[in-house]
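Colleague: sequence first, predicted model second:
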Amino acid sequence: MTPLILAGALALGGPPEANWPAFRGDGSSASAAKLPLKWAPNDGVAWRTELPGYGQSSPVVWSGRAFVTAVDGAEKETILAAGIDLASGKVLWKQALAGSQKGKNNPMMSRAGPSPVADARGVYCFYETGDVVAFDHDGKQLWHRSLAKDYGEFKNNHGIGSSLAQHGNRVFVLVDHAGPSYLLALDKATGKEIWKAERPSGTGWTSPVVAELKGKPAVLVSGAGKLTAYDAATGKQVAELDGLTGNNIPSPTPAGDLVLVGAAENRMKPDAAASARSNCAVRFTEKGFETVWGAKKAISHHASPVACNGFAYFVTKNGFVHCLDLKTGEEKFAERLDDQCWATPVVAGEHVFFFGKSGLTTVLKAGPEFDVVATNRLWSKDDYAARLAAAKKKAAETMPKPPEGKGPAGGAPIPKDELEAIRYSAVGDVVYGVAATDGAFLVRTGTELVCVRAAKR
């Protein structure tokens, strides 16, 4: 048995503490950088930069620049990309292109959900419009592909949200939707297809991650009740674990010789025990994937699980954290944070950073106890409340009404208060993603990029 080794950063080169080249960094959400533990709205926030359009993707970082994506227009007619100087927050360049596939632009839909990837040559962007575009670091377009035109339009009630992954000269695109689904490898230099692996039709928002299995780079995909590994060179399936439930949003996380899998409740066929077991750790062996342990109570929703100092952390969208022993799966604690949590936590040294949806970050010291080191705000309570009220008022002008007597997605009706909470959950200053670079965090909301450095006092 060969230990599973993270492959993304090894293949890309560059100082690991300075670059954050993809969604969740190298796929583990772990950073080698020295990062701030404490900050406040007026102490430690280095700059705030307003971004064009609206975006739910995480920023990526390469050589002193951050890169972000967004969409604009009532039907997302325009796709956007921008490069930002890390030192000052200045927008160095912005590019706008026509999207290949239109879709409603409102808080119930993906809005530039997929995160890009970056390397020494450029930044590679993917959009729910079906477009994949490559730019150099100065914003010059290198190539453009329309997957919607080449392979068929995307069919998903809430849009596509899978982020890109990369290895060497390849960028990997996952399209899991109601139409013919697939995992695609594109040549970074040209955008041309290297291989295409067909997948069962089924909507999902998980992202692929690259890791080494038995000395070979593989692309791991969690979704539709399975964890699947594909050979990064050929696209051939090399392993698969079935029997999971609710694993359609969290992405797999390599952790030493294990892979952590996150999953939410299956709303169509509720089974709390099966959902908890699907939050698990697996190992790759000569026979394929084998389950090492399954959780008894832990649940994930939007955020992917992370590992730190021998412990695994799973967090629900409402901010309920489960800490489990990484080797055995034994639960050490289950505690609620003071904020909802949509973004995947970041791990650095002996700390785990939980970036709350409304800008409250809880920093835990990794260990068997719920040890809160700091709680940090991006906005004051009053400022956040005022901004949220204004955003809700604006969103109400375009928000679609759910079908009469049904839920927001046409499902079973739900109480009015709960319905309103769901409808406006992605309105205002929502923290969607984070990048870690030496000495700073970059926090992405729908309309801003915020740079956080250490507090001075």
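Modeller: Perfect, I can see it now.

Colleague: shaky segments in the protein?
Modeller: 1-16, 402-413, 418-419, 421, 457 (pLDDT under 70).

Colleague: and the helix ranked longest in it, what's buried?
Modeller: Longest helix in the chain by number of residues (criterion: DSSP state H): helix 381-395. Across helix 381-395, burial judged by 16 or more other C-beta atoms under 10 Å covers Tyr384, Arg387, Leu388, Ala391, Lys392, Ala395. Where you see a C-beta, it was placed from the backbone N, CA and C, and this is true even at glycine.

Colleague: using PDB, write out every CA atom in it.
Modeller: Coordinates of each C-alpha in helix 381-395 appear next as PDB, following Å, rounded to 0.1, in the frame of the first residue of the first chain:
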ATOM      1  CA  LYS A 381     -22.700  44.200  13.900                       C
ATOM      2  CA  ASP A 382     -24.400  47.400  13.000                       C
ATOM      3  CA  ASP A 383     -22.600  47.800   9.700                       C
ATOM      4  CA  TYR A 384     -23.400  44.300   8.700                       C
ATOM      5  CA  ALA A 385     -27.100  44.600   9.600                       C
ATOM      6  CA  ALA A 386     -27.400  47.800   7.600                       C
ATOM      7  CA  ARG A 387     -25.700  46.300   4.600                       C
ATOM      8  CA  LEU A 388     -27.800  43.200   4.800                       C
ATOM      9  CA  ALA A 389     -31.100  45.200   4.900                       C
ATOM     10  CA  ALA A 390     -30.100  47.200   1.800                       C
ATOM     11  CA  ALA A 391     -29.100  44.000   0.000                       C
ATOM     12  CA  LYS A 392     -32.400  42.300   0.800                       C
ATOM     13  CA  LYS A 393     -34.400  45.200  -0.500                       C
ATOM     14  CA  LYS A 394     -32.500  45.200  -3.700                       C
ATOM     15  CA  ALA A 395     -32.800  41.400  -4.100                       C
END
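
Colleague: which residues are in contact with it?
Modeller: Pro41, Asn106, Pro107, Ser358, Gly359, Trp379, Tyr424, Val427, Gly428, Asp429 (C-beta atoms under 8 Å, 6 or more residues apart in numbering).

Colleague: need phi/psi at the last one.
Modeller: The reference is to Asp429. Phi and psi for Asp429, reported as degrees, to the nearest 10, are phi -80, psi 70.

Colleague: got the phi and psi for the closest residue to it other than its chain neighbours?
Modeller: Spatial nearest neighbour of Asp429, chain neighbours left out: Thr445 (4.8 Å); criterion: C-beta to C-beta, 6 or more residues apart in numbering. Per-residue torsions, Thr445: phi -110, psi -180 (degrees, to the nearest 10).

Colleague: give the full set of residues in contact with Thr445.
Modeller: Going by C-beta under 8 Å, 6+ apart, the list of residues near Thr445 reads Asp429, Val430, Val431, Tyr432.

Colleague: now Leu442
Modeller: Contacts of Leu442 by C-beta under 8 Å, 6+ apart are Trp20, Pro59, Val61, Ala66, Leu86, Val434, Ala435, Ala436, Leu449, Val450, Cys451, Val452.

Colleague: can you lay out the residues you listed as a markdown table showing distance to Ala303, secondary structure and neighbour count?
Modeller: A markdown table is the format used below for the contacts of Leu442 (distance: C-beta to C-beta, whole Å; DSSP: H, G, I helix; E, B strand; the rest coil; neighbours: other C-beta atoms under 10 Å):
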| residue | distance to Ala303 | secondary structure | neighbour count |
| --- | --- | --- | --- |
| Trp20 | 17 | strand | 28 |
| Pro59 | 17 | coil | 29 |
| Val61 | 20 | strand | 23 |
| Ala66 | 21 | strand | 26 |
| Leu86 | 25 | coil | 23 |
| Val434 | 11 | strand | 25 |
| Ala435 | 15 | strand | 29 |
| Ala436 | 15 | strand | 24 |
| Leu449 | 20 | strand | 22 |
| Val450 | 19 | strand | 22 |
| Cys451 | 22 | strand | 24 |
| Val452 | 19 | strand | 24 |
